[in-house]
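1. turn this into a structure:
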Amino acid sequence: MNYRHSFHAGNSADVVKHSLLIALVRALQIKPSALTLIDTHAGCGLYDLQGDEAGRTGEATHGVLRAFADRNPLLDDYRAAVEAVNGGADGAVGPRLYPGSPQVLAQLLRPQDQLILNEKHPEDVQALCRAMRDTSAAIHQRDAYELWLAMLPTKTPRGVVVVDPPYEETDERERITATLAAAQRKWAHGVTVIWYPLKDRGTHRQWKNKLRNLGIPKFFNVEHWLYDADQPDIYNGAGLFIVNPPYAFTQALAPLIDALRAALAPEGHKGKISADWLSD
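-> Numbering: from 1, shown residues only. Below you'll find the predicted structure:
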C-alpha cells in the first residue's frame, strides 16, 4: 500500500481526518496554555487537485467536493480551512487547492502556540517549505519516528503529535507501535493522533490488539468505513487512533461524525463512522 498524500489529497479520509483535527485542536484551545503541534509526516503541505498526481486518482470527487456540495453547517469549519487556501472562495466547481495537515494546523495557531513539521522525502520537503513560507512553522527533514521521540516532552505545557505515514514500508505499523510505547514513557499526558487506512480487516484487527496491549489508559478510536460490507483488496476507509483526547472533543463528536458519514457515503451505501475507546 502507498498512501502518499499527493495522490490522495482531498479524498474522504482527508475530509474526516482534517475535520476531526480541527475539532480536536479547538477543544484543546479552550484552555489558554500554549500548545506545540507536531506533524511527523507532513507531506507537501498544499496540493493542486487538478495536478497530475491528485488528478490521476480523482479521489477528491468523493471527498472534499462532496463535503462542499453537502453544505451541512457542522462542516463549516472544515470548509473554511479549505477556502482559506483558495483565496476565501471555493470556485464554481469546487476548490482548486487542498490544504494538507500542515496548512490546516497553521490556520489554528494562536500567538502562544508552536508548529513543528517533518518530512523526509526530498522533493516533498522542498514543496513543504514553499507552502509554509508565510507561517511560523519550524520544518525538519528527518526520520519521522526519530523526530517523534526527539521532540518529547514538548517545551510548551501541552502538545499534539500527528502521525500520518504513507504506509509504504512493511514494518510501518510495528514502528508506530514501538514508538508510541516509547513516547508514552516520555510523555504520558500528551495527545497523539495516528491515521491509518482500512483495507485488510484481519491485519488491522491484529494491529489493533497490539496497540490495546500497550495498556494506554485513554486510547480513543474513530473508524470510517465507506461501504456497508467489505470490498476485498480495495481501500475501504480510514481511521484515527487518538491518545488522551480532551473531554470537550469526545463529548461533541457524535453530531460531527454523523454529518461526515452522510456527506461521504458512496452511492448506494450508508457508510459507517464508529467512535469508541480502544482501552475498553
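
2. and the strands in this structure?
-> 35-39, 46-48, 97-99, 114-118, 138-140, 158-163, 191-198, 219-225, 237-243, 272-277 (DSSP state E).

3. would you turn the ones you listed into a markdown table with mean pLDDT, mean neighbour count and distance to D171?
-> Where you see a C-beta, it was placed from the backbone N, CA and C, and this is true even at glycine. Below are those laid out as a markdown table (pLDDT from 0 to 100; neighbours: other Cβ atoms under 10 Å; distance: least, Cβ to Cβ, whole Å):
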| stretch | mean pLDDT | mean neighbour count | distance to D171 |
| --- | --- | --- | --- |
| strand 35-39 | 98 | 25 | 21 |
| strand 46-48 | 95 | 20 | 27 |
| strand 97-99 | 96 | 24 | 29 |
| strand 114-118 | 98 | 23 | 19 |
| strand 138-140 | 98 | 18 | 22 |
| strand 158-163 | 98 | 24 | 15 |
| strand 191-198 | 96 | 22 | 14 |
| strand 219-225 | 95 | 22 | 22 |
| strand 237-243 | 96 | 23 | 18 |
| strand 272-277 | 94 | 16 | 27 |
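
4. between these, which gets nearest to N72?
-> With Cβ to Cβ as the criterion, N72 lies closest to strand 272-277 of the strands of the chain, at 13.8 Å.

5. relative to strand 237-243, how tilted is the closest one?
-> 20 degrees (axes from the mean of the first three to the mean of the last three Cα atoms, to 10 degrees).

6. now do strand 272-277 against strand 219-225, angle only.
-> Using the same axes, to 10 degrees: strand 272-277 against strand 219-225 is 170 degrees.

7. what is strand 272-277 packed up against?
-> When contacts are defined as 3 or more Cβ pairs under 8 Å, 6 or more residues apart in numbering; DSSP states H and E, strand 272-277 sits against strand 219-225, helix 253-264.

8. okay, the ones you listed in a markdown table with distance to W148 next?
-> Output for the helices and strands packed on strand 272-277, formatted as a markdown table (distance: least, Cβ to Cβ, whole Å):
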| stretch | distance to W148 |
| --- | --- |
| strand 219-225 | 17 |
| helix 253-264 | 25 |
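
9. where does pLDDT dip in this structure?
-> Within the chain, the stretches with pLDDT under 70 are 1-6, 54-57, 88-93, 228-234, 280.

10. R261: neighbouring residues, count only.
-> R261 has 18 neighbouring residues, counting by other Cβ atoms under 10 Å.

11. ditto for S279
-> Using other Cβ under 10 Å, S279 is surrounded by 15 other residues.

12. next one: K210
-> Applying other Cβ under 10 Å, we find 14 residues neighbouring K210.

13. contact partners for the residue lying closest to it once chain neighbours are set aside?
-> Of all residues not flanking K210 in the chain, T177 sits nearest, at 5.5 Å (Cβ to Cβ, 6 or more residues apart in numbering). Residues near T177 by Cβ atoms under 8 Å, 6 or more residues apart in numbering: 207, 210-211, 214.
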